[in-house]
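Participant: Let me see the structure of the following:
(2 chains)
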Amino acid sequence: AQSVSQHNHHVILSEAASLELGCNYSYGGTVNLFWYVQYPGQHLQLLLKYFSGDPLVKGIKGFEAEFIKSKFSFNLRKPSVQWSDTAEYFCAVRRGGSYIPTFGRGTSLIVHP
Amino acid sequence: DTAVSQTPKYLVTQMGNDKSIKCEQNLGHDTMYWYKQDSKKFLKIMFSYNNKELIINETVPNRFSPKSPDKAHLNLHINSLELGDSAVYFCASFGDRGSGEQFFGPGTRLTVL
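Facilitator: Numbers count the residues shown, from 1 in each chain, chains lettered A, B, ... in the order given. Sure thing, here's the model as predicted:
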């Protein structure tokens, strides 16, 4: 069965620090990759997605992610976080042609002002 | 306009009661889902419907019954509510098997007393 691992469960940073959240998946075929963000008390919103092409994907709010096929990874990065980035971050992977994505357990990010 | 809407936003009820949560999407999507998010933010898929047909039914007690009157609606009915059913329930929709992301509703926070 496909699985998605987010190794950092809780991350605490100060404003202006750089961020990298890890995401690894287990499926070896064609995949679509996503990062979603859930701000406190809100629903999940898409940050960025990868389907094909340039493995470095840029999303909203200065986030980017790099798909490294050989490592089955899709890590999320931001060079300088802000207090408003405090949220839960979810990585999701969907096998090509499937309706059903698999979500990681989420990473809680707290940014101190 | 809200793409995926859910009602109610909050639901507080006693153990043993029966309750329903409604979901509607105006995106013209063919696939809809119900997720349960527990207190640790873990997101678990419960059901998925495609064009009003059930395509996935994860290990969920049969007290939970989804109903899709048309492809824009996917309601969740819960019988004999238990304390462990307390969670946030998210509806989501998905429109393009090849390249789309999911769109999530605002969530329904269910509290069983």
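Participant: what pairs with residue A:36 across the strands?
Facilitator: Counting by DSSP bridges, residue A:36 is bridged to residue A:46, residue A:90.
Participant: what do you get for residue B:87?
Facilitator: residue B:110.
Participant: I'd say it and residue B:38 touch.
Facilitator: Yes. Contact criterion C-beta atoms under 8 Å: residue B:87 and residue B:38 qualify, at 5.3 Å. Placement of C-beta: from N, CA and C, glycine included.
Participant: and these two? which has more neighbours close in?
Facilitator: residue B:87 (19 against 12; other C-beta atoms under 10 Å in any protein chain shown).
Participant: ok, that one to chain A distance?
Facilitator: 14 Å (C-beta to the nearest C-beta, to the nearest Å).
Participant: residues contacting that residue?
Facilitator: Neighbour list for residue B:87: B:36, B:37, B:38, B:39, B:110 [criterion: C-beta atoms under 8 Å, 6 or more residues apart in numbering or on different chains].
Participant: any idea which of these is closest to residue A:113?
Facilitator: Comparing the contacts of residue B:87 against residue A:113 with C-beta to C-beta places residue B:39 closest, at 26.1 Å.
Participant: Against chain A, how distant is the closest one?
Facilitator: For residue B:39, the distance to chain A - C-beta to the nearest C-beta - is 12 Å.
Participant: Apart from its chain neighbours, what residue comes closest to that residue?
Facilitator: Once flanking residues are discounted, residue B:39 sits nearest to residue B:87: 7.4 Å by C-beta to C-beta, 6 or more residues apart in numbering or on different chains.
Participant: per-residue confidence for the one you found?
Facilitator: Residue B:87 carries a pLDDT value of 97.
Participant: hmm, back to that, any chance of the contacts of residue B:87 in CSV, with distance to residue A:21 too?
Facilitator: CSV is the format used below for those (distance: C-beta to C-beta, whole Å):
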residue, distance to residue A:21
B:36, 23
B:37, 19
B:38, 21
B:39, 21
B:110, 29
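Participant: Just the ones of these in strands?
Facilitator: B:36, B:37, B:110 (DSSP state E).
Participant: Out of these, which end up buried?
Facilitator: B:36, B:37, B:110 (16 or more other C-beta atoms under 10 Å in any protein chain shown).
Participant: which of those residues lies closest to residue B:64?
Facilitator: Distances from residue B:64 to those, taken by C-beta to C-beta, are shortest for residue B:36, at 9.0 Å.
Participant: The closest one pairs with what?
Facilitator: Beta-bridge partners of residue B:36, as defined by DSSP bridges: residue B:44, residue B:89.
Participant: Then residue A:21?
Facilitator: residue A:76.
Participant: Now for the residue of chain B at minimum distance from chain A, how many residues are close by?
Facilitator: Chain A sits closest to residue B:104 of chain B, with a gap of 4.4 Å, by C-beta to the nearest C-beta. For residue B:104, the neighbour count with other C-beta under 10 Å is 23.
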